[in-house]
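# Structure for the following, please:
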Amino acid sequence: MKKLLLLSIMVLGFGLFAFSQVSKADVEKMMSEINTSADKIEKLYVYNTQVFYTDGTYTRSYSTYSESNGEYENSVMIYDSGIVLSTKKNGVEHSRNLYPFNSISYIEVGQSSIWIYLKQ
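Reported below is the predicted structural model:
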């Protein structure tokens, strides 16, 4: 009986951990509480990114994106599924990166910047 109870607690604990995540509502609420919005974000920091090398190894690193970086212009958008970094090169859409909410461990929101910490 004790084993069954212990197993039930473990399954429930892992189940809750698997479904806990950052959500769009959380990010929007955080932004509204400090009176900012996605269009006011000037810097985006993404931690726990993987950098791969030609020998097959990789390291964990971070990336920094500024609103303006030479010929590139970056902007942040909030989608239902995650945070999107949109990049324009010389005024033309160049690329978009999606950081899904379910891959984010935690997030920090400032007046003009967001820090995203990806799950390992």
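# pLDDT score assigned to the closest residue to residue 82 other than its chain neighbours?
Excluding the flanking residues, the one nearest residue 82 by Cβ to Cβ, 6 or more residues apart in numbering is residue 100, at 4.0 Å. The C-beta positions use only the backbone N, C-alpha and C, and glycine is treated the same way. Listed pLDDT for residue 100 reads 95.
# wait, what's in contact with the closest residue to residue 41 other than its chain neighbours?
Excluding the flanking residues, the one nearest residue 41 by Cβ to Cβ, 6+ apart is residue 76, at 4.3 Å. Applying Cβ atoms under 8 Å, 6 or more residues apart in numbering to residue 76 gives the contacts 38, 41, 44, 83-86, 114.
# Got the phi and psi for residue 55?
phi -80, psi 0 (degrees, to the nearest 10).
# and it, how many residues sit next to it?
Per other Cβ atoms under 10 Å, the neighbour tally for residue 55 reads 6.
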